[in-house]
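Colleague: My questions are about this predicted structure, shown below with the sequence.
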Amino acid sequence: MDDFHRDTWAEIDLDAIYDNVANLRRFLPTGTNIMAVVKANAYGHGDAEVANTALEAGASYLAVAFLDEALALRKKGLAAPILVLGASRPEDVSLAAEHRIALTVFRLDWLEKAAALYQGSAPVHFHLKMDTGMGRLGVKDERETKQMAALIERHPHFILEGVYTHFATADEINTDYFSYQYDRFLSMLEWLPFRPPLVHCANSAATLRFPDRAFNMVRFGISMYGLAPSPSIKPLLPYELKEAFSLHSRLVHVKKLQPGEKVSYGATYTAQAEEWIGTIPIGYADGWLRRLEHFHVLVDGKKAPIVGRVCMDQCMIRLPGSLPVGTKVTLIGRQGDEVISVDDVARHLDTINYEVPCLISYRVPRIFFRNKRIMEVRNAVGRVGTNA
Ligand SMILES: Cc1ncc(COP(=O)(O)O)c(CNc2conc2O)c1O
């Protein structure tokens, strides 16, 4: 268990992760597998800790964005099947096979290069990605698809384990484009000489809204963390999600300003009366962005506005009154009856909730709670650049 020496930290409630996955397990037909999407350090929540909890709760597969993330999970002892959702290099097929990591394939030229380079004898598992309208990665041509399936079938060590697509608008109320993509997927699946063992198309939104159109595996990301895929479909979700991420700090300085005194860079804030101002050790290098000036935090169970420009490592808040140094400040989470949700921060930043926990950088230690007790503390500062 790491320790840390700055009073700013994120708390990850692994019981919430467990419940979000266990509830999905109960919600889905038994034959539908759950692939826990733990890319980007599990959307900022801690890749290995979330992966282990999701597997305990009924997930059977993991997904990451890049091969490095999959290798990192293997190094941390995760043995479950892992799919790399993003692009890999053809020359890395051997490395993937060696670590039993499945790769996404979506170009014939890439597959031909991988076949020419692969010298190993371990099986290489591929998931063929079809572009039904997301316009990011994926094959779109019938002839190319058939040639790829034939090459994999001919190769002694290549295995087509899965085929999938990704929806662009499953989190929107209007389902026209979703239906277009779903129908497109159905017809593109006919291009294959056989159905691979795993067929998947649903992200959290599609999973929770259209479980009957999920084939036999879902890719569960944002809602595993207790967040709705979008504000518009939040009322449509079939069960309550539990938010796993919270962010806390402590007052390191408290002072009384006289009217007219200034706060922070650019002296953009002027005290209008005698004001108590607190300083907390978190700033934009931690992912607490400058645009959060004028947002608020919770201290002493009350909302406290962020005043003056957010600095790289610190920011200032106007206190409800004099408070002792060391008083806990909650930036995301609950104090008494007051809550600041990830969605609240996203709304202020005019972005989506996905971005908020992803942005909280490696510099903020993560404390993991399981069964309401501290299970692990991860402090990556000092690890970055070595074996993090
Ligand atoms: C291919 C793929 N499958 C599943 C998921 C999980 O989606 P969910 O978190 O909505 O459940 C993602 C998330 N990818 C992204 C989410 O935001 N930007 C992305 O590229 C994805 O890219």
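Modeller: All right, it came through fine.
Colleague: Please tell me how far the residue of the stretch 151-300 of the chain found nearest the ligand sits from residue 124.
Modeller: Using C-beta to the nearest ligand atom, residue 221 is the residue of the stretch 151-300 of the chain that sits closest to the ligand, at 2.3 Å. From N, CA and C alone the C-beta is placed, and that goes for glycine too. Residue 221 is 25 Å from residue 124, where distance means C-beta to C-beta, to the nearest Å.
Colleague: Then residue 382?
Modeller: Residue 382 sits 37 Å away from residue 124, taking C-beta to C-beta as the criterion.
Colleague: if you count what's nearby, which of the two comes out ahead?
Modeller: residue 124 (24 against 10; other C-beta atoms under 10 Å).
Colleague: Confirm for me that that one is in contact with residue 157.
Modeller: Yes - counting by C-beta atoms under 8 Å, residue 157 is a contact partner of residue 124 at 5.6 Å.
Colleague: any shared contact partners between those two?
Modeller: Applying C-beta atoms under 8 Å, 6 or more residues apart in numbering, one finds that residue 124 and residue 157 are jointly contacted by 97, 118.
Colleague: State the pLDDT value of residue 221.
Modeller: Residue 221 carries a pLDDT value of 98.
Colleague: From the structure, what's the count of residues near the residue nearest to it when sequence neighbours are not counted?
Modeller: In space, and not counting its chain neighbours, residue 221 is closest to residue 37: 3.5 Å by C-beta to C-beta, 6 or more residues apart in numbering. Burial measure for residue 37: 27 neighbouring residues, criterion other C-beta under 10 Å.
Colleague: In contact with residue 37, which residues?
Modeller: Neighbouring residues of residue 37 by C-beta under 8 Å, 6+ apart: 43, 62, 63, 64, 85, 203, 219, 220, 221, 224.
Colleague: Filter these down to the buried ones.
Modeller: 43, 62, 63, 64, 85, 203, 219, 220, 221, 224 (16 or more other C-beta atoms under 10 Å).
Colleague: hmm, back to that, can you give me the separation between the residue nearest to residue 221 and residue 376?
Modeller: Using C-beta to C-beta, one obtains 21 Å as the distance from residue 37 to residue 376.
Colleague: so is the residue positioned nearest the centre of the chain in a helix, a strand, or just coil?
Modeller: Centroid-nearest residue in the chain, with C-alpha atoms, centre = their mean: residue 43, separated by 2.1 Å. Recorded secondary structure, residue 43: helix (DSSP: H, G, I helix; E, B strand; the rest coil).
Colleague: doesn't residue 222 make contact with it?
Modeller: Yes - with contacts counted by C-beta under 8 Å, residue 43 reaches residue 222, the gap being 6.9 Å.
Colleague: Now do the shared contacts for those two.
Modeller: Joint contacts of residue 43 and residue 222 (C-beta under 8 Å, 6+ apart) are residue 354.
Colleague: can you confirm residue 54 is in a helix?
Modeller: Yes - the assignment for residue 54 is a helix, going by three-state DSSP.
Colleague: Just the pLDDT at it, thanks.
Modeller: On pLDDT, residue 54 comes in at 98.
Colleague: Leaving out chain neighbours, which residue sits closest to it?
Modeller: Leaving aside its sequence neighbours, residue 54 sits nearest to residue 36 (C-beta to C-beta, 6+ apart; 3.6 Å).
Colleague: any idea how far the one you found is from residue 80?
Modeller: According to C-beta to C-beta, residue 36 and residue 80 sit 9 Å apart.
Colleague: for residue 108, phi and psi?
Modeller: Here is the backbone geometry of residue 108 (degrees, to the nearest 10): phi -70, psi -40.
Colleague: Now do the contacts for it.
Modeller: Listed by C-beta under 8 Å, 6+ apart, the contact partners of residue 108 are 144, 147, 148, 151.
Colleague: The last one sits in which helix or strand?
Modeller: Taking DSSP states H and E as the criterion, residue 151 maps to helix 142-154.
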